[in-house]
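J.: Predicted coordinates and the sequence they were generated for:
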Amino acid sequence: MPEILDHARSQVLDGGVGLDEAGVLAVLRLPDEDVPAALQLAHEVRMRWCGPEVEVEGIVSLKTGGCPEDCHFCSQSGLFASPVRSVWLDIPSLVEAAKQTAATGATEFCIVAAVRGPDARLMKQMREGVAAIKAEVDIQVAASLGMLSQEQVDELVDMGVHRYNHNLETCRSYFPNVVTTHSWEERWETLTMVRASGMEVCCGGILGLGETIEQRAEFAAQLSELDPHEVPLNFLNPRPGTPLGDRPVVEARDALRAIAAFRLAMPRTILRYAGGREITLGDLGTRDGLLGGINAVIVGNYLTTLGRPATDDLALLEDLKMPVKALSATL
Amino acid sequence: MSTAVTLWCDRCGGDAGRGVHEACVTARALEPPRFCPRCRRRMKVQVLPTGWSATCVEHGTTTSP
Ligand code: SF4
Ligand SMILES: [Zn+2]
Ligand SMILES: [Zn+2]
């Protein structure tokens, strides 16, 4: 067994203390033949510190496209020649989407908007939408609306939004290569306010943006410092018309290495499969990740792309004997 | 709306009768359409957890099968 995994076994599995940046880097550099052992250890860590339950979530786009920011991976930026047009979802359709999500057994429903930060119109839509969902659907509501002011943080708490997603997307040193219209620090500031408000912090990013392995390790360490309740892990799905539209997808083995490494950096977090896994990992890889540190999934479609049918993921969880986290367990 | 008329590739907006759209067809398994196959206009597309709808201002709305 490689030294780093021996070290991780005592520090992370037994002690519950995540690997530091150097440790994560060592895992990311493991030769192919040691990846299964890393995944196995990451799985044991997840079982020990999180348990066998898998948190299931559905997401929906309340406001699609036309975003003024320039995140180079994003088809919803209005600054690129992406075919995605601006569109708003009405409240009855939002409630219907929440119902469909709840029907899969999901306990989380995340409402997302492609904006720099919310304006008055979006906050009004949120207030009405969240109230309508809470009146009709038994599900926890999360939101992802970009950068927030303190007032907006308070308003979301008041609406009963229990978790807020705001991804750092990549490590601090690589961020300016990916986004130029706002800074990593501005994102961090929003996360700090969210944390202080009592809402759960959901913060992850995308692998495969052109970052180095060292920068992947840096990112894991920075996330670990933030200590989010949940970390959604995306793999770049290169979108036509975006600056990263021609980038290669992450190799399955590298994606699995990263899953193990991120779990070993953050033994207690909810580590969620988000976008891109269908393309990067396929069915077999999806299974390997769930046996390698992942303990949450987004089921159904994403914001502008489609996922596997929820029934496929639920069947897989049943096959793996991993129970879907129940609503009662989350309250 | 009839789906029989496919003049334009609904993923890349290119001429459906020219060039190769195999990659588009493959990608469409995990993407909604973006261009109207009849007039090539960019459509307003809403993705939902269990489906999608795509609207062309001229040719109306299509929903996921
Ligand atoms: S802020 Fe969000 S929606 Fe806007 S371009 Fe960046 S990732 Fe896309
Ligand atoms: Zn095409
Ligand atoms: Zn048309």
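T.: Arrived safely, thanks for sending. As the structure is a computational prediction, the values presented were derived from the model and not from experiment. Ligands and ions are numbered 1, 2, ... in the order given.

J.: Please work out which residues outside the helix or strand where A:S224 lies touch it.
T.: Assessed by DSSP states H and E, A:S224 sits inside helix A:213-226. Identification of contacts with helix A:213-226 by CB atoms under 8 Å, 6 or more residues apart in numbering or on different chains yields A:18, A:20-22, A:24-25, A:28-29, A:168, A:170-174, A:188, A:191, A:201, A:203-205, A:207, A:211, A:231, A:258, A:261-262, A:265-266. Heads up, the C-betas are built off the backbone N, CA and C, glycines and all.

J.: mind redoing it with 6 Å?
T.: Residues outside helix A:213-226 that contact it (CB atoms under 6 Å, 6 or more residues apart in numbering or on different chains) are A:18, A:21, A:24-25, A:28, A:170-171, A:174, A:203, A:231, A:262, A:265-266.

J.: residue ranges of the strands in the stretch 101-250 of chain A, please?
T.: Remark: strands assigned in the stretch 101-250 of chain A by DSSP state E, counting those that start in this stretch are A:108-113, A:140-144, A:163-165, A:200-202, A:205-207, A:230-235.

J.: Which one, of these, ends up nearest to B:M43?
T.: Nearest to B:M43, of all these, is strand A:108-113, at 20.1 Å by CB to CB.

J.: count of neighbours near the nearest residue to A:L25 once chain neighbours are set aside?
T.: In space, and not counting its chain neighbours, A:L25 is closest to A:A217: 3.8 Å by CB to CB, 6 or more residues apart in numbering or on different chains. Residues within reach of A:A217, counting by other CB atoms under 10 Å in any protein chain shown, total 27.

J.: ok, back up a step: from the contacts of helix A:213-226, which single one is nearest chain B?
T.: Distance to chain B, by CB to the nearest CB, is smallest for A:V231 among the contacts of helix A:213-226, at 21.3 Å.

J.: Adding distance to chain B, mean pLDDT and mean neighbour count as columns, could you present the strands of the stretch 101-250 of chain A in JSON lines?
T.: Listed next are those as JSON lines, based on distance: least, CB to the nearest CB, whole Å; pLDDT from 0 to 100; neighbours: other CB atoms under 10 Å in any protein chain shown:
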{"stretch": "strand A:108-113", "distance to chain B": "9", "mean pLDDT": "98", "mean neighbour count": "24"}
{"stretch": "strand A:140-144", "distance to chain B": "14", "mean pLDDT": "98", "mean neighbour count": "23"}
{"stretch": "strand A:163-165", "distance to chain B": "16", "mean pLDDT": "98", "mean neighbour count": "25"}
{"stretch": "strand A:200-202", "distance to chain B": "18", "mean pLDDT": "98", "mean neighbour count": "22"}
{"stretch": "strand A:205-207", "distance to chain B": "16", "mean pLDDT": "98", "mean neighbour count": "24"}
{"stretch": "strand A:230-235", "distance to chain B": "13", "mean pLDDT": "98", "mean neighbour count": "24"}
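
J.: Indicate which one of the ones you listed is closest to A:V299.
T.: Checking the strands of the stretch 101-250 of chain A against A:V299 by CB to CB gives strand A:108-113 as the closest, at 10.0 Å.

J.: So is the helix or strand of chain B with the lowest mean pLDDT next to ligand 2?
T.: The helix or strand of chain B with the lowest confidence, counting by mean pLDDT, DSSP states H and E, is helix B:22-27 at a mean of 95. Yes. Helix B:22-27 is in contact with ligand 2 by CB under 5 Å from the ion, via B:C24.
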